[in-house]
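Undergrad: pasting the structure only:
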C-alpha cells in the first residue's frame with residue numbers, strides 16, 4: 001500500500017498540535033511554529049545540498065565523525081544476546097530487541113534526519129493513511145497539547161462536526177479522554193484516544209473558564225476541507241491550502257475555477273500552518289499556477305544527478321498577481337509551493353520565516369503491519385538553493401496579532417475560519433498587508 005508514497009510532512013505523530021480529526025502536530029524535539037528552530041545544520045543559501053548517498057562518515061552525537069564500525073553483523077548478534085540475557089529487566093524478547101534495533105537504525109543512521117526517519121507502529125500507519133486521504137473517524141476538534149500539564153487546548157471546532165453538535169467550544173481545555181489524564185504522555189496518546197470506531201462514544205472532561213464540564217461525543221467519519229476560498233474586497237481572491245492530500249490538486253483546481261468565475265483580479269494563497277503531505281500532490285497543486293515548462297523543484301536522489309520537475313498543467317494558469325502568506329508552520333510542501341511561485345511568477349511572501357525542511361520521505365509497509373518512514377531525497381528551490389535548516393524569508397515580514405490570553409495557533413485557527421471578508425481583514429494583519437500590496441499590481 002505504502003511503497004513509494006513520498007511524504008513531505010516534517011512531523012508525524014507525537015508532538016504539540018493536532019486535529020483530532022487530522023494531524024498538524026510537531027515533533028517533540030521541535031518547538032512550536034511561532035518560535036521554530038531546526039535540528040539540521042544551517043547551510044549557506046547558495047550551498048549545494050549533500051547527496052543522501054554521499055560516502056561520508058556520519059557525525060557522532062557530539063558532532064565529531066564517528067569511528068569506523070567494523071564486524072557489524074557479529075557485533076549486532078553479540079549485543080542482542082547480551083541484552084537478552086543480562087539486561088536488568090527480565091523477559092526481553094527477541095522481537096522487542098529487533099523493534100528497538102529497527103527504530104535505532106532510523107533514528108541514528110544520520111543525525112540531521114533523525115526527526116524525519118521513524119519506525120511507525122500500526123496505529124500510526126492507520127492514522128497516517130486517514131490523514132492523507134483527508135477523511136478520518138473522530139469528533140472534529142483541533143487541539144494543542146501541553147506535555148507539562150497534560151492538558152489540550154481546543155484551538156478550533158470543525159463546522160458541523162460531532163464536537164460542535166455536542167457543545168464543545170474554541171478555548172475549552174481538554175482535561176481527560178475516557179477518564180485518562182495525559183501528563184507525561186504525548187499528543188499522539190490524546191489523539192489515539194479521541195479517535196476510534198464510528199458510532200462509538202468518547203467521554204471528555206473539559207475546563208471552561210472555572211467550570212469543569214463533561215461531554216459524551218459520538219465519533220463519526222469526518223471529512224475536513226484542506227482547501228477553502230473567500231472573495232475579498234477589491235476583486236481579490238483568497239485561497240487557503242491546509243495540506244497536500246490525495247484530493248488537494250483537484251480541490252485547488254476547483255477553487256481556482258470558482259474564484260475566476262467571480263472575476264477576481266489578484267490572488268492571495270494562504271500557506272500558514274501548511275506542513276506538507278504527499279510530495280506528488282504538492283507538485284501537482286503547484287503546477288496549476290505556472291506556465292508549462294516553469295521549474296517547480298529540483299530533486300537530488302541517491303547516486304543520481306539533480307533532476308528538475310517542471311510544470312505541465314492541463315489548463316492555462318490563472319495569470320494573476322499572486323501573494324502568499326507564510327509562517328513558521330509553513331514547511332516542506334508548503335515551502336515548495338511558496339518557493340516555486342516566488343521564483344516562477346514573482347509572487348511575494350508575507351508573514352514570518354518558514355520552517356526550513358527540504359527532504360522527502362517515503363513510507364513503506366512492513367510484514368508485521370508496522371511501517372518505516374525514511375528519507376529518499378532532498379529537494380532544492382528551482383534556483384538550486386536549499387531549504388533544509390534555512391526556510392524562506394518573507395519579502396514583507398508581518399505578524400498576526402495575538403490577543404492577550406490566547407496563543408498564535410488559536411488565533412490563526414480562528415482567523416482562517418472567519419468567512420466574513422470585512423471582519424477577516426480587520427483581524428488578519430498579514431492578509432490585509434498582502435491585499436493592499438497585491439492590489440497595486442492589478443492592471
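TA: Noted; the coordinates are in hand. Please read all numbers here as calculations on a predicted model, not as lab measurements. Numbers count the residues shown, from 1 in each chain.

Undergrad: name the residues of the helix or strand where residue 174 lies that are buried.
TA: If you go by DSSP states H and E, residue 174 is part of strand 173-177. Across strand 173-177, burial judged by 16 or more other C-beta atoms under 10 Å covers 173-177. Yep, even glycine has a C-beta here, placed from its N, CA and C like the rest.

Undergrad: and the furthest pair within these?
TA: Within the buried residues of strand 173-177, two members stand farthest from each other by C-beta to C-beta: 173 and 177, at 12.5 Å.

Undergrad: for the residue lying closest to residue 281 once chain neighbours are set aside, what are its contacts?
TA: Sequence neighbours aside, residue 244 is the residue nearest to residue 281 in space, at 4.2 Å (criterion: C-beta to C-beta, 6 or more residues apart in numbering). Neighbour list for residue 244: 8, 226, 274, 276-279, 281-282, 285, 333 [criterion: C-beta atoms under 8 Å, 6 or more residues apart in numbering].

Undergrad: among these, which are located in helices?
TA: Members of those lying in helices (criterion: DSSP state H): 279, 281-282, 285, 333.

Undergrad: spatially, which two of those are the most separated?
TA: Taking C-beta to C-beta, the two most distant members of the ones in helices among the contacts of residue 244 are 279 and 285; they sit 10.9 Å apart.

Undergrad: residue 326 versus the residue nearest to residue 281, what's the distance?
TA: Residue 244 sits 15 Å away from residue 326, going by C-beta to C-beta, to the nearest Å.

Undergrad: by mean pLDDT, which helix or strand of the protein comes out lowest?
TA: Here the helix or strand of the chain ranked lowest by mean pLDDT, DSSP states H and E is strand 17-19, holding a mean of 49.

Undergrad: show me what the next helix or strand after that strand is packed against.
TA: Downstream of strand 17-19, the first helix or strand assigned by DSSP H and E is helix 72-86. Where contact means 3 or more C-beta pairs under 8 Å, 6 or more residues apart in numbering; DSSP states H and E, helix 72-86 is packed against helix 94-108.

Undergrad: contact partners of the helix it packs on?
TA: Against helix 94-108 from outside (C-beta under 8 Å, 6+ apart): 76, 80, 83-84, 114, 117-119, 370, 372-374.

Undergrad: kindly recompute the last result at 7 Å.
TA: For helix 94-108, the external contacting residues (C-beta atoms under 7 Å, 6 or more residues apart in numbering) are 80, 83-84, 114, 117-119, 372, 374.

Undergrad: got these as a markdown table, with pLDDT columns?
TA: As requested, these are arranged in a markdown table below (pLDDT from 0 to 100):
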| residue | pLDDT |
| --- | --- |
| 80 | 93 |
| 83 | 94 |
| 84 | 91 |
| 114 | 87 |
| 117 | 93 |
| 118 | 93 |
| 119 | 94 |
| 372 | 94 |
| 374 | 94 |
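
Undergrad: Serialize those residues to CSV and add fields for distance to residue 432 and neighbour count.
TA: Output for the contacts of helix 94-108, formatted as CSV (distance: C-beta to C-beta, whole Å; neighbours: other C-beta atoms under 10 Å):
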residue, distance to residue 432, neighbour count
80, 60, 16
83, 59, 15
84, 63, 14
114, 40, 16
117, 40, 19
118, 39, 22
119, 45, 20
372, 44, 20
374, 42, 19
